[in-house]
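Engineer: Next come a sequence and a model predicted from it.
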Amino acid sequence: MKNTSFLLIFLIFILFFQAEAQTSTGINNPSPSTKAALHINTDGDFKQGIIVPALNASDTLIMLPAATDLGLFFYDKGNDRFMYFDGSKWRAWKGAMINSPASGYWDLSGNKNTGPLNFTGTSDNHDLRFRTNNLNRMVIDSLAGNVGIGNNNPAAKLEIGDGIAPGASIILNNGNVQGIHTITFENNGAFKASVGYSNVLNQDWFFIYNGGNVFRSKGGNTVIGNGAATFAATLENTGSMGVNVITITGDRTIANTDYIILSRSATSSTITLPTAQSTKGRIIYIKNFAPVKIMIISPLQIVPYDSGTPIGNIFLSALSATDDQDDCFLVFDGTNWVVLD
């Protein structure tokens, strides 16, 4: 009996000494990895795993691990996930903090069993950022919900580009499907206007529409306020057209915004034409209502429509007793101002 007791104590001592010497413990494994404190093998005939403690998330309020308990983990049976302690917080593997509204994780191959409470985003006052190659590509700001694509500080509901990089910002591709493709604007659910493209019957129109054809363009032709399928001119306008009209009571150097000039000067005055070197085809109409002469001068030559001979200055007068006319049309031909009447 004494010999048996001694042998048992001796075997326990040997096993303890071996475990201390190896610093690795093997279960069903005579050669545990020296990199593991515990190395477990299954029998070749049995495929088995390890069952760790199954707890509820609320049990973490009882456990209260210390900062030194890094790596403590359990299976959260209420939410079907593993939880581990990072030294300060409980976290779900691949996920966020425990008891967080987004405590699950989004899998690279997609998620299942999602519901109305699941979302991708932030639950605090921080912007949501999307990156590729570790560079910001899209931002949803936390204050107004503005979306910026290629812009980190969007100032509108949707702002695309940073104003620096060249190239197309938006490309809408209809896949060669015939139809009308638009960007539509509404106010409180009511249609207001649309901008779009139509390839119905291969017409290839670009248009602006607000209940009527405001603007349509095809190739180099444009129509305004006309729904006809064909063009009669490079630019068509169905309806009236407003131009800038000014009234003067003295000298005037015609500005780029002047089109019709009405003179009511009480004394003789001078109107100076612009150089207009970059506005070939510009038309100016001048009318004198006053019983005094006005003189039209130009830094360029003024020529009649039926001759290339310069005529010098033009005098306009509303006096019937003079030989001067009281109005004139002028057009710039790229070199001279040409009098049309």
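Structural biologist: Happy to help now that I have it.
Engineer: and the gap between the residue nearest to the spatial centre of the chain and residue 139?
Structural biologist: By C-alpha atoms, centre = their mean, the chain has its centre lying nearest to residue 160, at 2.6 Å. Look at residue 160 and residue 139: by C-beta to C-beta, to the nearest Å, they are 12 Å apart. For glycine as for every other residue, the C-beta is placed from the backbone atoms N, C-alpha and C.
Engineer: Now the common contact residues for those two.
Structural biologist: Common contact partners of residue 160 and residue 139 (C-beta atoms under 8 Å, 6 or more residues apart in numbering): 148, 151.
Engineer: And the strands in the stretch 151-300 of the chain, which stretches?
Structural biologist: Counting by DSSP state E, counting those that start in this stretch, the stretch 151-300 of the chain has strands at residues 158-160, 180-187, 190-198, 205-209, 213-218, 221-224, 235-237, 245-248, 252-253, 260-263, 269-272, 283-288, 294-297.
Engineer: again with the stretch 1-150 of the chain
Structural biologist: Remark: strands assigned in the stretch 1-150 of the chain by DSSP E, counting those that start in this stretch are 25-27, 38-40, 54-55, 73-76, 81-85, 90-92, 128-132, 135-140, 147-149.
Engineer: and the shortest one, what does it pack onto?
Structural biologist: Strand 54-55 is packed against strand 73-76, with contacts defined by 3 or more C-beta pairs under 8 Å, 6 or more residues apart in numbering; DSSP states H and E.
Engineer: Poorly predicted segments of the stretch 51-200 of the chain, please.
Structural biologist: Within the stretch 51-200 of the chain, the ranges that satisfy pLDDT under 70 run 94-108, 163-169, 173-176.
Engineer: can you do 90?
Structural biologist: Counting by pLDDT under 90, the ranges of the stretch 51-200 of the chain that qualify are 51-52, 57-58, 60-61, 63, 68-71, 77-83, 89-124, 150-151, 154-200.
Engineer: okay, the strands of the stretch 151-300 of the chain in TSV with distance to residue 67 next?
Structural biologist: Below are the strands of the stretch 151-300 of the chain laid out as TSV (distance: least, C-beta to C-beta, whole Å):
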stretch	distance to residue 67
strand 158-160	45
strand 180-187	56
strand 190-198	60
strand 205-209	65
strand 213-218	69
strand 221-224	73
strand 235-237	77
strand 245-248	81
strand 252-253	82
strand 260-263	84
strand 269-272	86
strand 283-288	84
strand 294-297	91
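Engineer: nearest to residue 339, of these?
Structural biologist: Nearest of the strands of the stretch 151-300 of the chain to residue 339, taken as C-beta to C-beta: strand 294-297 at 9.3 Å.
Engineer: which residues make contact with that closest one from outside it?
Structural biologist: Applying C-beta under 8 Å, 6+ apart, the contact partners of strand 294-297 are 263, 265, 268-273, 286, 288, 302, 313-317, 328, 330.
Engineer: Can you list the strands that that strand pairs with?
Structural biologist: strand 269-272 (parallel), strand 314-316 (antiparallel) (DSSP bridges).
Engineer: What distance do you get for residue 82 to residue 295?
Structural biologist: 95 Å.
Engineer: just checking, residue 327 touches residue 284?
Structural biologist: No - assessed by C-beta atoms under 8 Å, residue 327 is found out of contact with residue 284, at 11.1 Å.
Engineer: which one of the two has more residues nearby?
Structural biologist: residue 284 (20 against 15; other C-beta atoms under 10 Å).
Engineer: contacting residues for residue 159?
Structural biologist: Residue 159 makes contact with 146, 147, 148, 149, 151 under the criterion C-beta under 8 Å, 6+ apart.
Engineer: swap that for residue 83, please
Structural biologist: Shown in contact with residue 83 (C-beta under 8 Å, 6+ apart): 57, 60, 73, 74, 75, 76, 90, 91, 92, 93, 98.
Engineer: Check the residues you listed and tell me the two furthest apart.
Structural biologist: So, the contacts of residue 83 by C-beta to C-beta: farthest apart are 60 and 93, at 14.8 Å.
Engineer: Of these two, give the one with the bigger neighbour count.
Structural biologist: Set residue 60 next to residue 93 and count neighbours by other C-beta under 10 Å: residue 60 wins out with 19 against 10.
Engineer: pretty sure that one is touching residue 90, no?
Structural biologist: Yes - if you go by C-beta under 8 Å, residue 60 and residue 90 touch, sitting 5.1 Å apart.
Engineer: Residue 317 versus residue 261, what's the distance?
Structural biologist: Applying C-beta to C-beta, the value for residue 261 to residue 317 is 15 Å.
Engineer: of these two, who's got more company?
Structural biologist: Neighbour count, other C-beta under 10 Å: between residue 261 and residue 317, residue 261 has more, with 21 against 18.
Engineer: Kindly provide the distance from the residue nearest to the centre of the chain to residue 328.
Structural biologist: Distance from residue 160 to residue 328, counting by C-beta to C-beta: 49 Å.
Engineer: likewise residue 188?
Structural biologist: Distance, residue 188 to residue 328, by C-beta to C-beta: 52 Å.
Engineer: ok, the two, which is more surrounded?
Structural biologist: Taking other C-beta under 10 Å, residue 188 and residue 328 do not tie; residue 328 has more neighbours (19 against 5).
Engineer: Now do the contacts for residue 50.
Structural biologist: So residue 50 contacts residue 40 (C-beta under 8 Å, 6+ apart).
Engineer: And the pLDDT at it?
Structural biologist: Looking at residue 50, its pLDDT reads 85.
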